[in-house]
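1. only the shape, not the letters, is given here:
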């Protein structure tokens, strides 16, 4: 069986308060986009191994056991008897980019195993399993726009459709650590909730929708700020860094011709939003 885990973007991101446990409470909107990995799982026969994992495309660091696909398999394996599996993960979604690629892989693995081995898990049960893999993993079970709060793990559906708009996604060859992103953050609740902002015309978002991490990241990485400026120069209705970076996206009414040529050595993809 094969499935295609997709990325997400953050429409706005506000760091609202620091928690007693040292984490921060956030407000953001997750929106799925059709930039995809590929995940194939087949039964593994005549072996004493539980799994075999092959990763192609983007190189991943760490051991197979560090991969959320394997963590998902092992998590379900604690409660259900799963046959040994041969897994091929083709990585196209950039890593460390604020796009949720690893989280999507883990969540889609849960959905695939549920179907392949007829586990009869409900959507709610799959969300509970996915939440154990990471804060945003459960989002990819339903894979529909949500207003996310807490540490990005509490979801509320939002009525939002960007269908037909074009998105240009650009990731420079730059990494941003979580600590670096939080370095200069001063938590505060926004004057207007993102739930209200997204009800307004997209043309108004530029002045009122913010990603708080930009205030920390842009001074240290002016090349990321320059991408956002260039997307606006190209006519973006709204542009922003997603998550804690380092990817930046722009939303356009019309496609941009030869867009990958405009961003040099950066990873650059254009898609129609659904």
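-> That came through, no problem. Keep in mind it's a predicted model, so treat the numbers as computed, not measured.
2. tell me the confidence at residue 22?
-> In this model, residue 22 is scored at 82, pLDDT.
3. ok, residue 137 - contacts?
-> With contacts defined as Cβ atoms under 8 Å, 6 or more residues apart in numbering, the neighbours of residue 137 are 68, 103, 106, 107, 130, 131. (Glycine included, C-beta is placed from N, CA and C.)
4. these two touch, right, residue 245 and residue 176?
-> Yes: with contact defined as Cβ atoms under 8 Å, residue 245 counts as touching residue 176 (4.1 Å).
5. ok, these two, which is more surrounded?
-> The residue with more neighbours, out of residue 245 and residue 176 and counting by other Cβ atoms under 10 Å, is residue 245; that gives 26 against 22.
6. and that one, which of the three is it?
-> With DSSP: H, G, I helix; E, B strand; the rest coil as the basis, residue 245 sits in coil.
7. which residues touch it?
-> Counting by Cβ under 8 Å, 6+ apart, residue 245 makes contact with 97, 98, 174, 176, 181, 213, 217, 221, 224.
8. can I get the residues you listed in TSV including distance to residue 56?
-> Putting the contacts of residue 245 into TSV (distance: Cβ to Cβ, whole Å) gives the following:
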residue	distance to residue 56
97	18
98	23
174	24
176	25
181	29
213	31
217	30
221	29
224	28
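9. quick one: which of these is most hemmed in?
-> Most neighbours among these, by other Cβ under 10 Å: residue 213, with 28 neighbours.
10. what separates the helix or strand that contains residue 115 from the chain centre, distance-wise?
-> With elements taken from DSSP states H and E, the one containing residue 115 is helix 101-116. What separates the centre of helix 101-116 from the centre of its chain is 14 Å, taken as Cα atoms, centre = their mean, to the nearest Å.
11. from the contact counts, what lies against that helix?
-> Packed against helix 101-116, as judged by 3 or more Cβ pairs under 8 Å, 6 or more residues apart in numbering; DSSP states H and E, are the following elements: strand 2-3, strand 6-18, strand 38-43, helix 68-77, helix 123-131, helix 139-142.
12. of those, which is nearest residue 170?
-> Of all the helices and strands packed on helix 101-116, it is strand 6-18 that lies closest to residue 170, at 12.0 Å by Cβ to Cβ.
13. what's the angle from the helix or strand following that closest one to helix 101-116?
-> Scanning forward in sequence from strand 6-18 by DSSP H and E, the next helix or strand is strand 24-36. Strand 24-36 and helix 101-116 meet at an angle of 70 degrees, taking axes from the mean of the first three to the mean of the last three Cα atoms, to 10 degrees as the criterion.
14. ok, back up a step: overlap in contacts of residue 245 and residue 176?
-> Counting by Cβ under 8 Å, 6+ apart, the contacts common to residue 245 and residue 176 are 217, 221, 224.
15. reformat the residues you listed as TSV; add secondary structure.
-> Compiled in TSV, the shared contacts of residue 245 and residue 176 are given as follows (three-state DSSP):
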residue	secondary structure
217	helix
221	coil
224	helix
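16. of those residues, which is the nearest to residue 266?
-> residue 224 (10.1 Å).
17. for the closest one, which non-adjacent residue is closest in space?
-> Among residues not flanking residue 224 along the chain, residue 246 sits closest, at 5.5 Å (Cβ to Cβ, 6 or more residues apart in numbering).
18. buried ones in the helix or strand that contains residue 223, by neighbour count?
-> Counting by DSSP H and E, the element that carries residue 223 is helix 222-233. Counting neighbours by 16 or more other Cβ atoms under 10 Å, one finds that the buried residues in helix 222-233 are 224, 225, 227, 228, 230, 231.
19. then stretch 59-67?
-> Within stretch 59-67, the residues that qualify as buried are 60, 64, 67, counting by 16+ other Cβ under 10 Å.
20. how about stretch 255-270?
-> Going by 16+ other Cβ under 10 Å, stretch 255-270 has these buried residues: 256, 259, 262, 263, 266, 267, 268, 269, 270.
21. measure it end to end?
-> Taking Cα to Cα, to the nearest Å, stretch 255-270 runs 8 Å from one end to the other.
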